[in-house]
Structures are given as C-alpha cells and as structure tokens.
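Novice: this one's sequence-less:
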Ligand code: GLC
Ligand code: CA
C-alpha cells in the first residue's frame, strides 16, 4: 500500500476545462502545471486527470486511439513530464485515467481486428463468428466491417470492447474462455500500457469501468483475478503507485481485485445517491436536504458492511462529484453543500474534490452535448478563475471555447470566493486542513457510528477522540449524548453539548473533542 495514500486528498481535473495557456479555447497540461499552487492551496495533494491520450474524442477521450501518446490539444510528453516533475517537487501525486475495457474504433488494434485477414489483433476485440450471428443480449455493431462478424461495444458505438474472454461461455463459436491465450494477451497489453506510464513517472491510475473486463462474469471473479495480477505487478515493481477503481463495490474491487481505493459512485437509490442526489418523482428525498425527508439507513446498511470488510485493505473514496453526474449544486443549496463537504471530508477513506466544486460551480442544464457528454456536459464547463474575459479560463474568443463559461452575472470564481466569509470555498478548505492536521480525522483512522436511525436526523460518528455531528434537515434536533465536549474543533451553524444530550440546530455541523 503506497504510504502517501494515508494523507491523500485528491482533486479531479477535467483537463480540457481547467486552464488554457495557448488561447486555443481548450485547457492544457501547461495550464494544470501553472495552477498546481492553487490545487495545493486547497489542501489537495493529489490529482486525478481525466484521459489525456490521443483520441477522436467521441467520448471526451475515453475513446483512446493511442495509449502512449498525449493528445496534441493538451500538449506533448514534455509538458506531461514537466507537470509530473513540478507536482513531485511539491510533494503531490498525479494519477492518469486508464481505460482498460475498450478503445476507440480508430485505434490501430481495431483497424487490424476488423480486417478479413487474420493478424495478431484478430482476437483483441470480441467478434461473433459471422454477421448473421447477433444474439440480442449483446450490444453488437452489425455488418460494418470487412471481417465476417459483428463486434461487441462496451459503451458508445465507437468504443469496441477489448477481449478479456468470457467467464461463462454461452456461444462457444465465438466466445473465448477467460483463460484463452488471446484473452491473456489483452491483459498483457493492458499491463504494458500501465508500465509505459509508470516508467514515465505517473503515480498510478484511476481505472475506468474497472469491472467491465471479462464478459458473462456476474460475480466478477475472473475480472477481479486480472486486477489481482496487476496489483502483483505493482507491488513488485511500482510499490508507490496507486490504483482507484470506478467500480463501486469495495468487496469485489478492493478485497478481490486488490485495488487500493474504490469510488463510492452515484447509482440511483444506493447509499451515495440517497445521501446527496435522491429525487423521487421530483421530490428531494436525499438525507442532505433541508426538507428532512432523507433516510440515513440506506447509506449505513451499505457502507458499514463494505467499510468493515475492506478497511484493512484499502479505502472507499467519497467524491463531491465527478465528470459523469450533475454537480451537487443541482440538488443542494449552498448551506447543504457545505454540510455535505464537511461530512465527506471527515469520513474515512481517500476523498476526491471535483474541480470547481470548491466554488459551488453550477450544473449548466442549457448546453448542447459536447464530445459525447450529453447530460454530463453541464458538469464539464470551464473552471471559473476570475472576472476577466472567459472568467480567466482562456484568452480565446468566447465562441472558440471548449464549452461556454457560466454566463451568470453572479458566477462564483476563485477570485470572488477565496476570501469570502462563509463561502463553500472557505468551508471546504477549512475542513481539508483539519483532516491533514488531526491524524484521527485522516484517511485510515477508525470510524464508529454514534447515531444513525431510520428516517431520523442527525448523523453522528466518532473518529478516534473526536465526535462529528451533521444535521442537514431544516429542523433542530436533539439526541442523547453523554460525553463531555472538551474542545470545539469546528462548527457550521450551531450545536450544543451539555454532557447529556447533543442539540444540533437546523443545517448545522460540529466536530468536538471528547477524549
Ligand atoms: C466511465 C467514465 C465516463 C466514460 C465511460 C466510458 O464511466 O467516467 O466518462 O464515458 O466510462 O469509458
Ligand atoms: Ca490550450
């Protein structure tokens, strides 16, 4: 386990929207290098970069055309090297995004695979044995290659699935077992790509759709085995490099697959969703909502088991948002956002802050889809730096920007939020600072439930000598709590402790020292 994860707080950067240094309207690697001080100033000491590889950008770069080449629009390998060097000199770490499940259909491997003529890449993707074979349970692209067969896609139509074989082979005419040499060759090709960048100096990867490798693998047994093997390679040759999975199943990813971290994703109705983003027939039933109609128990039932079973092996990663879902501001008002951050950054695990969430950037609903973003586009708009042209993102003319900047008169920017009392920025940076200062609030310190009852508020938990209380509802609440408040560490709103009970006012949060 890389030691630096103990104190890691990540910042996710969507590179095309962060900072443009050459006025072409698209964020670039040099821009990230220039803004490292800003990221560090937030308290974030690690970064996850969305894909920066050469790509036709049908899915914003998650359609890789050349795994080993930096996309020209972001700069070149020297720029990446400079970014890594500077980050390392600041004691920061950088993860690239690894897309193991599919490539772009313009990738040279696929260009060979779709030919009638056999080659080393014939089995790199999943083709049926002839075009008339098209079982409807598979997402197949039919009749568009010279090769007599249809191919399986993993996500969009332009993203053919790489072939790691099938755990249960139901159509032996075309499905390879997961231990077939060609399936193994795909896993070796993946490891080769990883080694390339790890040797280059990156600090690990966020792994896209990590559970999608072996097909017909419902329990993800063979998929986890591939990651175990990857982990062995890392432990042996890159012990300081880290892997975080887009999986949302810590028992499978951390325990079985050997991932160091697993994202707690927003899957409608799961623990994360019911905390922060749970709309039921238009009604907000999230726990983090002033309406107070939330139920913490959905989260606790899921989280506590996962936490107990994986806490000695890896970290569950809370995130304020990511590039795939509406920003928190779409669901929560500013008070509630602050409380949600206070909770996420005082829970165990390795937390992730999505760029712009420290400002309360808006989810822009009015945009036309960009590069396969569709409903996700509104969370991918340019970072808002200051009041200058294009909110300081770029010096290109506004119509050349990757996406328009927030046109609202009151759009939050780093400039207008940084020193503002009571801002989301002030709150989240304060909490992250405490997390670094107080070891018992940090990533692998113990967690214990104090109070979390079905349909009730508050949620309260212990981190070592500290007790944390959060009441996102619009009502004052009181619970029995027979411990003494020795020291007040942090408060949002109002909270009182008299040695018998804890009174947490509406929309309030507190951390107290009790031991
Ligand atoms: C992941 C990424 C998403 C991408 C998809 C396909 O979910 O986060 O942005 O479109 O995988 O690669
Ligand atoms: Ca640029």
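Specialist: Arrived safely, thanks for sending. Here the structure is a predicted model, which is why all the values come from computation and not from measurement. Numbers count the residues shown, from 1 in each chain. Ligands and ions are numbered 1, 2, ... in the order given.
Novice: how near is the residue in the stretch 151-300 of the chain that ligand 1 sits nearest to to residue 94?
Specialist: Nearest to ligand 1, among the residues of the stretch 151-300 of the chain, is residue 155, at 4.0 Å (C-beta to the nearest ligand atom). All C-beta atoms are positioned from the backbone trio N, CA, C, and that covers glycine. Per C-beta to C-beta, to the nearest Å, residue 155 is found 25 Å from residue 94.
Novice: ok, residue 431 next?
Specialist: From residue 431 across to residue 94, the span is 23 Å (C-beta to C-beta).
Novice: now residue 358
Specialist: 19 Å.
Novice: repeat for residue 60
Specialist: 19 Å.
Novice: try residue 442
Specialist: 21 Å.
Novice: close to ligand 1: what parts of the stretch 251-400 of the chain are there?
Specialist: 323, 324 (C-beta under 6 Å from any ligand atom).
Novice: neighbours of the residue of the stretch 201-350 of the chain found nearest ligand 2, how many?
Specialist: When scored by C-beta to the ion, the stretch 201-350 of the chain has residue 323 as its residue closest to ligand 2, at 18.2 Å. For residue 323, the neighbour count with other C-beta atoms under 10 Å is 19.
Novice: so it: helix, strand or coil?
Specialist: Secondary structure, DSSP: H, G, I helix; E, B strand; the rest coil: residue 323 is coil.
Novice: surely it and residue 16 touch.
Specialist: No. Using C-beta atoms under 8 Å, residue 323 makes no contact with residue 16, being 10.2 Å away.
Novice: longest helix in the chain, by residue count?
Specialist: helix 181-200 (DSSP state H).
Novice: which residues do residue 323 and residue 16 both contact?
Specialist: Counting by C-beta atoms under 8 Å, 6 or more residues apart in numbering, the residues touching both residue 323 and residue 16 are 60, 380.
Novice: relative to ligand 2, how far out is whichever residue of the stretch 401-515 of the chain sits closest to ligand 1?
Specialist: Nearest residue of the stretch 401-515 of the chain to ligand 1: residue 403, at 15.0 Å (C-beta to the nearest ligand atom). Counting by C-beta to the ion, to the nearest Å, the gap from residue 403 to ligand 2 is 13 Å.
Novice: which ones are touching the residue nearest the centre of the chain?
Specialist: Centroid-nearest residue in the chain: residue 322, 5.2 Å away (criterion: C-alpha atoms, centre = their mean). By C-beta under 8 Å, 6+ apart, the contact list for residue 322 reads 12, 263, 352, 354, 379.
Novice: burial check on the closest residue to the fourth one other than its chain neighbours, number of neighbours?
Specialist: Closest residue in space to residue 354, ignoring its immediate chain neighbours: residue 321 at 4.1 Å, by C-beta to C-beta, 6 or more residues apart in numbering. A count of nearby residues for residue 321, using other C-beta under 10 Å, gives 24.
Novice: wait, what's in contact with residue 321?
Specialist: By C-beta under 8 Å, 6+ apart, the neighbours of residue 321 are 327, 328, 354, 357, 379.
Novice: low pLDDT regions in this structure?
Specialist: For the chain, not a single residue meets the criterion pLDDT under 70.
Novice: could you list the residues of it in contact with ligand 2?
Specialist: 20, 22, 24, 26, 28 (C-beta under 5 Å from the ion).
Novice: now, which of the residues you listed sits nearest residue 56?
Specialist: residue 26 (14.8 Å; C-beta to C-beta).
Novice: phi, psi of residue 502?
Specialist: In terms of degrees, to the nearest 10, the main-chain angles of residue 502 are phi -110, psi 120.
Novice: er, residue 461 actually
Specialist: phi -150, psi 160.
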